[in-house]
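J.: coords below, sequence missing:
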Ligand SMILES: C[S@@+](CC[C@H](N)C(=O)[O-])C[C@H]1O[C@@H](n2cnc3c(N)ncnc32)[C@H](O)[C@@H]1O
């Protein structure tokens, strides 16, 4: 049995359908870290990222893909001198990977892979090689569920792929391929499929594989009470809501991409959710392709098409702004305006996402996408502050006088205390980021740094005292009123411009 961290108990036996489960030995509060899982484990980036990701800390190792900032200085890349395949951003990361990550054993395999003219091993084969090379990993995986027979019955193609992967691993390991070694390798591949996680990095949205035998005991629920975040080589299990003693801990194995609306009872087929669901499925995939890398004019064309394609969602009787791909289109539009230096438009769209979309997608205030959204608004506010007028709005006076949309937004912004709004948002990010992810999260570090800069400003003593009072006692009557007036009201005012912006820029 895998050893479980303190506070967790393994219940049940390995019998289908659910098998064993993990149960809380005490109460966990929302956002609280239930446990950290790191050893023994496998943590690798997907193969295409091998040369751009540090194999030690699993962060981008190419200075070009990781813009330097005060909190994250540029890092030089060092290829492993042995295999020249994996990258490191520091000698410390290299030592870490050799000590805990399995590269010490794997390095000679990569040399053979290179000698045969290949750049890397596919992720499942690399994971299999690591398990076969690391006795502690092999032993820990012994009692994991593999559903080998189910895989064999499921599809001939899947089974043939697994055989090929197993043969490739045995070949590069220099081990004999016979019925026994092949069966053993395939069993590990099956266990890896059932028990490993997609190691999605919250910051860089890079995927990979994470496998830890104890974490693998957590079962799935579509209404989970916990979630997993990946921090370097560790997986951190957080409570999503209060979890009682003896309650089973469950996470969602799936990230729901296409959400379905509940079936409507209305007989009118044009307004029924059935037709909306069909629309969502039809437009989802092409509306989800990132705009990164497209030319400015192609981005605009795409946003135009996507905004039009999302019309049925916008017009639906049940407000559907939180249904993908609409949030994605809004987020892309906000990024697009930010890139263009039109921070005011970007700010209005981000405010709309924070007030009308994100809370419906994730109820917990510490949901990572909500915390990231607040930081984005804080940074945009810093760019639209009166002392630093928005370049794209030109002369705000001239625009105000013609009452163009830009002028009206500029006028609204001129009446807001952006520094205080910014400070409240940064305080909230610093407060929620450890529950969303960790204090190692770049979002936490950046917010802390910006907050320090803001607090160093002279002449804001009263406002600062009000913000601090709110953070100390958010439920106090006066503090609530301050929060409503200083941030909620202004964000609602800015978000009210969002649809007009999209219609005027990308409408027909
Ligand atoms: C990662 S393992 C979880 C630990 C597993 N219960 C065990 O005893 O090894 C995933 C497997 O657990 C079972 N499982 C997990 N969540 C389940 C659920 N909600 N309903 C039914 N079976 C579930 C399925 O057999 C699945 O393939």
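T.: Nice, thanks for sending it over. No experiment lies behind these values; they were computed from the predicted model shown.

J.: tell me the domain ranges of the chain?
T.: Under the assignment automatic domain parsing, the domains of the chain span 1-38+212-255, 41-210, 273-506.

J.: okay, these in CSV with mean neighbour count and mean pLDDT next?
T.: All C-beta atoms are positioned from the backbone trio N, CA, C, and that covers glycine. Formatted as CSV, the domains of the chain follow (neighbours: other Cβ atoms under 10 Å; pLDDT from 0 to 100):
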stretch, mean neighbour count, mean pLDDT
domain 1-38+212-255, 16, 93
domain 41-210, 18, 87
domain 273-506, 18, 89
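
J.: same list (these) but as TSV, adding distance to the ligand.
T.: As requested, those are exported to TSV (distance: least, Cβ to the nearest ligand atom, whole Å):
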stretch	distance to the ligand
domain 1-38+212-255	3
domain 41-210	4
domain 273-506	21
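
J.: now do stretch 180-196: everything it contacts.
T.: Stretch 180-196 has contacts (Cβ atoms under 8 Å, 6 or more residues apart in numbering) with 42, 124, 127-128, 131-132, 138, 141, 144-148, 151, 162-163, 165-167, 169-170, 175, 209-211, 213, 216.

J.: before we move on, what about stretch 145-158?
T.: 14, 19, 159, 162, 186, 187, 190, 191, 193, 194, 195.

J.: any idea how far apart the tips of that stretch sit?
T.: Taking Cα to Cα, to the nearest Å as the measure, stretch 145-158 stretches 18 Å from start to finish.

J.: quick one: that stretch to chain centroid distance?
T.: Taking Cα atoms, centre = their mean, to the nearest Å, one finds stretch 145-158 lying 30 Å from the centre of the chain it belongs to.

J.: also stretch 287-299?
T.: The gap between where stretch 287-299 is centred and where its chain is centred comes out at 20 Å by Cα atoms, centre = their mean.

J.: can you check stretch 408-419 too?
T.: 31 Å.

J.: gap between residue 15 and residue 253?
T.: Counting by Cβ to Cβ, to the nearest Å, the gap from residue 15 to residue 253 is 19 Å.

J.: could you look up the SS state of residue 228?
T.: At residue 228 the chain is in strand, as set by DSSP: H, G, I helix; E, B strand; the rest coil.

J.: go on, residue 223?
T.: Applying three-state DSSP: residue 223 is coil.

J.: which stretch of helix or strand covers the nearest residue to residue 365 once chain neighbours are set aside?
T.: Nearest residue to residue 365, sequence neighbours excluded (Cβ to Cβ, 6 or more residues apart in numbering): residue 432, at 6.0 Å. Residue 432 is located in helix 418-436, with elements delineated by DSSP states H and E.

J.: likewise residue 237?
T.: Following DSSP H and E, the helix or strand that holds residue 237 is strand 234-239.

J.: paired strands for the helix or strand just after that strand, with orientation please.
T.: Using DSSP H and E, the helix or strand that follows strand 234-239 in sequence is strand 250-251. Strand pairing for strand 250-251, using DSSP bridges, gives strand 219-220 (parallel).

J.: who's in contact with residue 123?
T.: So residue 123 contacts 44, 46, 47, 208, 209 (Cβ under 8 Å, 6+ apart).

J.: filter these down to the ones in strands?
T.: Those of these mapping onto strands are 44, 208, 209, per DSSP state E.

J.: wait, the second one touches residue 233, no?
T.: What that stands for is residue 208. No: if you go by Cβ atoms under 8 Å, residue 208 and residue 233 don't touch, sitting 10.7 Å apart.

J.: identify the contacts common to those two.
T.: Joint contacts of residue 208 and residue 233 (Cβ under 8 Å, 6+ apart) are 43, 58.

J.: middle-most residue in this protein, spatially?
T.: residue 202 (3.2 Å; Cα atoms, centre = their mean).

J.: out of everything not next to it in sequence, what's closest to it?
T.: residue 368 (5.4 Å).

J.: the one you found contacts residue 437, doesn't it?
T.: Yes: in this structure, residue 368 is within contact of residue 437 by Cβ under 8 Å, at 5.8 Å.

J.: any residues in contact with both of the two?
T.: 202, 229.

J.: tell me who's in contact with residue 248.
T.: 11, 21, 22, 23, 24, 219.

J.: returning to that earlier point: could you list which of the contacts of stretch 180-196 belong to strands?
T.: 42, 209, 210, 211.

J.: next up, the contacts around the second one.
T.: When contacts are counted by Cβ under 8 Å, 6+ apart, residue 209 is found next to 42, 43, 44, 46, 123, 124, 127, 192, 196, 197, 198, 199.

J.: same deal with the first one?
T.: Under the criterion of Cβ under 8 Å, 6+ apart, the neighbours of residue 42 are 102, 127, 130, 131, 137, 196, 209, 210, 211, 212.

J.: okay, and the beta partners of it?
T.: Going by DSSP bridges, residue 42 is paired in beta bridges with residue 211.

J.: quick one: the strands in the protein, in order.
T.: Counting by DSSP E, the chain has strands at residues 8-11, 21-24, 33-37, 42-45, 78-79, 87-88, 197-198, 208-211, 219-220, 226-231, 234-239, 250-251.

J.: the fifth one pairs with which strands, and in what direction?
T.: What that stands for is strand 78-79. strand 87-88 (antiparallel).

J.: just how off-centre is the partner strand within its chain?
T.: Using Cα atoms, centre = their mean, the offset of strand 87-88 from its chain centre is 23 Å.

J.: can you give the contact residues for that strand?
T.: Against strand 87-88 from outside (Cβ under 8 Å, 6+ apart): 50-56, 61-62, 77-80, 94, 97.

J.: which residues touch residue 207?
T.: Contacts of residue 207 by Cβ under 8 Å, 6+ apart are 45, 46, 198, 199, 200, 201.
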